[in-house]
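Novice: Here is the input, now give the coordinates:
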Amino acid sequence: MNTSLPPQEKQKLSEMVKFFSRAVNQTRDFGSTHPLAKASIERCFTLLNQLLTEKREIILYIAEQKIRYEEEVLEEKNIVVDKMIDFFLSIKLYSLEFVQGFTQEEFIMFLNILSQKAEDILSAGGIEELVKQANIVHLSLNPIKYKLIGKDEEIVAKDRGVIEGEEKEEDLLLLVDGSLKEKDNSLFMDKLLKDPLQGVYAIIEAMRILNKIEKEKARVLILSIINKLNHFRDMLYEFLSLEEDNEQTAHTYHCAEILGKELSRQLKKIEVLPEFEESLEHIQTILRMILDQTEARKLLRDFLKGKQTLRKKAIFLKRVKQREKTSSDFEYFIKRMLRLKGMSEEEVEQLFAQRSLILEQARKEKEREIRQQLFSILEKLFQHTLTPSQALEEIEKVVEELIRLKKKQRNAI
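Specialist: Okay, the predicted model is just below:
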């Protein structure tokens, strides 16, 4: 008898399957300790645990190239789920039974097994054997393989052949996160500030389908991504220009740093058609500007607070120089921000013109401090306020500090 699941239950199961597919694919791509994978693992396990609290077991199975629970298809139009299904079929995994008591440790062990290449899993005795060796006791694999799919594996191969390569454009476009489709930027901003990694994931998933859809629609999509990133960059600049430093500002810049670093890293793995390469470079430039602003905020906050001592100037100029290694325009940007914050054109130019002199003076001052520490230790030794072993221990600390200073000097050259 064909009975439908209650909408709320189906929604929860669908959400769990969605995050399960992300956890599987991201663990395979990056490892289970990566922030993207960890976020999906946490979300999936939370949902699965809730479901297992309500039921004693959850059985998912593949039939007609779709993940099902009972007779309901879950996440029917999801290319991430489809990718997971293809992998499961390649390792002869047709159904899974999660049993009450299934732990997060068991889940991560299972994901780490799945992170291996399909041929390695098969040559090691198969997925069922590997799970058995790992002693994952609250998970049963292929419990209903024959009942629901049939003994003849050619059925699976045939089903797979019919579905494979039939990704429709309208189905792919449905998978694009709604916040990227809206002309209004507020939806994407809300998503980004709530969970920056989900913002990263939304963009990466959209970028991956560019080559599979009509070029004009792909252009609209990539322009939408550029527009939203530009809007976020401009919002950061507005925060940076103002004299405000509150919780909202701090959180926004924290999210910006995660977005800039993680999305920049992920985009290096994305391949696009030649006509989209310029747009991809544009996105990378915007991300570099976003990271420039997050670094500028840290530098300005420390440098402009209180008296500008020699040491403070040296630290500031060193960090500017370090950032210039990855962003050639950073010095120009930080000079502009210093002027905006109240320094005169002459003061700014003088500061950077004297960079070498300031760094050299700071180095000599630090060396004087170290020598003074040594004299102080020796004086205490002569006065018998330190034992020889205590003095030796203190001297070793000072020498280690001197070695670190010399290494920094060599690296700066």
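
Novice: Distance of the residue lying closest to Leu273 once chain neighbours are set aside relative to Val272?
Specialist: Distances taken as C-beta to C-beta, 6 or more residues apart in numbering place Asn211 nearest to Leu273, at 5.5 Å, with adjacent residues excluded. Heads up, the C-betas are built off the backbone N, CA and C, glycines and all. Noted for Asn211: a distance of 6 Å to Val272, by C-beta to C-beta, to the nearest Å.

Novice: hmm, back to that, so the residue nearest to Leu273, which state does it fall into?
Specialist: helix (DSSP: H, G, I helix; E, B strand; the rest coil).

Novice: quick one, what contacts it?
Specialist: Contacts for Asn211 (C-beta atoms under 8 Å, 6 or more residues apart in numbering) come out as 218, 271-273.

Novice: neighbour-wise, which of those residues leads?
Specialist: Ala218 (22 neighbours; other C-beta atoms under 10 Å).

Novice: My understanding was that it contacts Arg208; is that so?
Specialist: No: assessed by C-beta atoms under 8 Å, Ala218 is found out of contact with Arg208, at 11.4 Å.

Novice: thinking again about what came up before, of the contacts of Asn211, closest to Glu119?
Specialist: Glu271 (23.9 Å; C-beta to C-beta).

Novice: what's near enough to touch the closest one?
Specialist: So Glu271 contacts Asn211 (C-beta under 8 Å, 6+ apart).

Novice: Let me know the distance separating it from Gln284.
Specialist: From Glu271 to Gln284 the distance is 14 Å (C-beta to C-beta).

Novice: avg pLDDT for stretch 280-294?
Specialist: Across stretch 280-294, pLDDT averages out at 94.

Novice: Which stretches in the stretch 101-250 of the chain count as helices?
Specialist: Using DSSP state H, counting those that start in this stretch, the helices of the stretch 101-250 of the chain run over residues 104-114, 118-123, 127-133, 153-163, 169-174, 178-181, 186-194, 196-208, 215-241, 247-267.

Novice: what's the least confident stretch among those helices?
Specialist: helix 153-163 (a mean of 36).

Novice: nearest residue to Val137 other than its sequence neighbours?
Specialist: Glu106 is the one closest to Val137 (C-beta to C-beta, 6+ apart), at 7.6 Å.

Novice: mind listing what that neighbour touches?
Specialist: 136-139.

Novice: Quick check on those residues: which are buried?
Specialist: Buried members of the contacts of Glu106, counted by 16 or more other C-beta atoms under 10 Å: 136, 139.

Novice: Generate JSON lines for the contacts of Glu106, with distance to Cys44 as supplementary columns.
Specialist: Output for the contacts of Glu106, formatted as JSON lines (distance: C-beta to C-beta, whole Å):
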{"residue": "Ile136", "distance to Cys44": "16"}
{"residue": "Val137", "distance to Cys44": "19"}
{"residue": "His138", "distance to Cys44": "15"}
{"residue": "Leu139", "distance to Cys44": "14"}
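
Novice: on that earlier part again, among the contacts of Asn211, which one lies nearest to Gln116?
Specialist: So of the contacts of Asn211, ranked by how close each gets to Gln116 (C-beta to C-beta), first place is Glu271, at 24.2 Å.

Novice: Surely the closest one is within a helix?
Specialist: No: assignment of Glu271 by three-state DSSP gives coil, placing it outside any helix.
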